[in-house]
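Peer 1: Everything below, folded, please.
(chains A and B)
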2 protein chains.
Amino acid sequence: MPEFDVLAIGNAIVDILARCDDQFLDDNGIIKGAMNLIDAERAELLYSRMGPAVEASGGSAGNTAAGVAGFGGKAAYFGKVARDQLGEIFQHDIRAQGVYYETRPEGNHPPTARSMIFVTPDGERSMNTYLGACVDLGPEDVEPAVVAGARVTYFEGYLWDPPRAKEAILESARIAHENGREVSMTLSDPFCVDRYRAEFLDLMRSGTVDIVFANKQEALSLYETEDFDLALRKISEDCKLAAVTLSEEGAIIVRGDERVKVDAYVVEELVDTTGAGDLFAAGFLYGYTQGRSLEDCGKLGCLAAHICIQQIGPRPMESLKESAERKGLI
Amino acid sequence: MPEFDVLAIGNAIVDILARCDDQFLDDNGIIKGAMNLIDAERAELLYSRMGPAVEASGGSAGNTAAGVAGFGGKAAYFGKVARDQLGEIFQHDIRAQGVYYETRPEGNHPPTARSMIFVTPDGERSMNTYLGACVDLGPEDVEPAVVAGARVTYFEGYLWDPPRAKEAILESARIAHENGREVSMTLSDPFCVDRYRAEFLDLMRSGTVDIVFANKQEALSLYETEDFDLALRKISEDCKLAAVTLSEEGAIIVRGDERVKVDAYVVEELVDTTGAGDLFAAGFLYGYTQGRSLEDCGKLGCLAAHICIQQIGPRPMESLKESAERKGLI
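Peer 2: Residues are numbered from 1 along each chain as shown, chains lettered A, B, ... in the order given. Coordinates of the predicted model:
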């Protein structure tokens, strides 16, 4: 059986990143800071209005898998691309990072998913995702031996958007638990939580998911409250372990009655927040699967997010392992 | 007739950029700092060995056209992509920068050109270019009204690599001169100079080319000498105007007996030299077509190069116009 620290499952996406001002978001009806789902027609329209861009492999769970591997962990990934140039780019980048990735690409229609990400001067990213080939991910893409061999199977809440990915998740979670492994998810986005609140709560309360990642807005959205303490108390009741990120205030980790607060690293220049949450999860899960304390897991998560937001694109170009070594974290 | 400041003609390429160490270049027989031409098979091999990468539109003259537009100049471009995803990316980025670009894409074989660019810790870039669809650029792609309306028609020496692009250049130069316009070229690369020395000298001495851009190594290669003063004297005899870049020492501009030395701007962090020469040409030609002094042209060139080398990729993400305004150059 292959052995992995983390198996990540998600929408396999290539990011197309460009800067814009806030007026552009308003003019084009883009919800700032959110993941806006778009169809092929709107993708074409927005691209025609987008400034000069750069491309980088992305996808929330893909970024997390790449991050785990960047720390030196063993990572695997399930996600669907098409047989096209963007699909080749996605495949290349995740494998080149050392991640096991063998999901069979579909034909070339629909094409590989892309997300047009507009980065405003405050560093906030607003995503516009055309799911393309991601709609074809299904239970037939689950590689049982990989799931069985992964300490943690991690998936993104975004997978509730395509039609059949949830079947792949439920099947993976079943295999993971049968093999004494843990299952983790990220709530992904406040609007995603709004779309699937009941299902996400059911995943947690049924024990399908053990470990939950969220940011503050997602945690508040999950419980439809403005009371963050209440949200933390509820999330600690609904799952075994939760890590809630707080942007420049770091993160808080809750396990039963336990609360661990971790500070963020001071940012010199906030360039682009794309991937920050994904990289927090990468650092946390790397530490977690190495048996580190919750505080250390949180610090590793904050470090990875810290590095990620000081560059364009969601996958750190500098070595996470070397950065963590310099900070004395590993 | 459309009016343009600069028409640029070149190989239309998408860059695939990744970091590597010097050992990687040695192990893979890549000549450091050069443009290494590769075929499809070697492209596949090198890509399989390349680390995680990011993509950005490139192509030497394409970068120059984008840079002229970035200063607020009117730019046009001729170059050939295929009807594929990388071709769409190239088209989008150059048009989104405000460059007129209507060259008809060819089918989808060969695919759009890409250059795998390895950036070493010293910031030097080593390019590995698969020409793909660029081999189809020919005289049928010349838009006579665009050439006639452009103050300067600028092309890259690299165009002597594909089989028929030189016919497009000679036709464009003829139209340009018939309309009282000027023609400019960059020598592109010392090895490119070595491949086409006699032809490049003939372009200059026949008056087909009026203005030449080169870096020091290219100028030395052109005259097969180690004596830079000699090379400068010869180049001043062989063309009307030449601008020779000297990396961290800035640039020297020669016109007849006139010599104008311009200092480079001090670099805080050298990230990636990809596009530095292209952006120098952009700043210079923007100034030149606005009727500025040679010194100002040189300063604009140095500023554009300075901005370019402090980021990943060849097309500045910050506004060249605003940067030049802050420096009091425009």
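
Peer 1: Could you confirm residue A:325 falls within a helix?
Peer 2: Yes - looking at residue A:325 with DSSP: H, G, I helix; E, B strand; the rest coil, it is inside a helix.

Peer 1: Check the gap between it and residue A:319 for me.
Peer 2: As defined by Cβ to Cβ, to the nearest Å, residue A:325 lies at a distance of 9 Å from residue A:319. Placement of C-beta: from N, CA and C, glycine included.

Peer 1: contacting residues for the most centrally placed residue in chain A?
Peer 2: With distances taken as Cα atoms, centre = their mean, the residue of chain A nearest its centroid is residue A:60 (3.0 Å). By Cβ atoms under 8 Å, 6 or more residues apart in numbering or on different chains, the residues touching residue A:60 are A:10, A:11, A:156, A:158, A:186, A:188, A:277, A:278.

Peer 1: now do 7 Å
Peer 2: Residues near residue A:60 by Cβ atoms under 7 Å, 6 or more residues apart in numbering or on different chains: A:10, A:156, A:158, A:186, A:188, A:278.

Peer 1: what number of residues lie near the residue lying closest to the fourth one once chain neighbours are set aside?
Peer 2: Taking Cβ to Cβ, 6 or more residues apart in numbering or on different chains as the measure, residue A:186 lies nearest to residue A:213, with 4.1 Å between them; neighbours along the chain are not counted. Here the number of neighbours of residue A:213 (other Cβ atoms under 10 Å in any protein chain shown) works out to 29.

Peer 1: which residues touch residue A:213?
Peer 2: Residue A:213 is in contact with A:184, A:186, A:243, A:281, counting by Cβ under 7 Å, 6+ apart.

Peer 1: Now the phi/psi pair for it, please.
Peer 2: Phi and psi for residue A:213, reported as degrees, to the nearest 10, are phi -110, psi 140.

Peer 1: same check, this time on residue A:262
Peer 2: Main-chain torsions, residue A:262, degrees, to the nearest 10: phi -120, psi 140.

Peer 1: For it, list each beta-bridge partner.
Peer 2: Beta-bridge pairing of residue A:262 under DSSP bridges involves residue A:251.

Peer 1: Hmm, residue A:251 and it touching each other?
Peer 2: Yes - Residue A:262 lies in contact with residue A:251 (Cβ atoms under 7 Å); the separation is 5.0 Å.

Peer 1: any weak-confidence spans in the stretch 1-150 of chain A?
Peer 2: The stretch 1-150 of chain A contains residues with pLDDT under 70 at A:1.

Peer 1: rewinding a little: is it possible to export the contacts of residue A:213 to CSV including distance to residue B:167 and secondary structure?
Peer 2: What follows is these, written out as CSV (distance: Cβ to Cβ, whole Å; DSSP: H, G, I helix; E, B strand; the rest coil):
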residue, distance to residue B:167, secondary structure
A:184, 60, strand
A:186, 56, strand
A:243, 62, strand
A:281, 55, helix
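
Peer 1: pLDDT score assigned to residue A:178?
Peer 2: At residue A:178, the pLDDT value in this model is 98.

Peer 1: Spatially nearest residue to it (excluding sequence neighbours)?
Peer 2: Excluding its sequence neighbours, the residue lying closest to residue A:178 (Cβ to Cβ, 6+ apart) is residue A:148, at 7.6 Å.

Peer 1: Residues of the stretch 101-250 of chain A that sit close to chain B?
Peer 2: The stretch 101-250 of chain A has no residues near chain B, with proximity defined as Cβ under 7 Å from any Cβ of the partner chain.

Peer 1: Pull the contacting residues for whatever residue of the stretch 101-250 of chain A ends up closest to chain B.
Peer 2: In the stretch 101-250 of chain A, no residue comes nearer to chain B than residue A:111, which is 7.2 Å away by Cβ to the nearest Cβ. Counting by Cβ under 7 Å, 6+ apart, residue A:111 makes contact with A:82, A:84, A:86, A:132, A:133.
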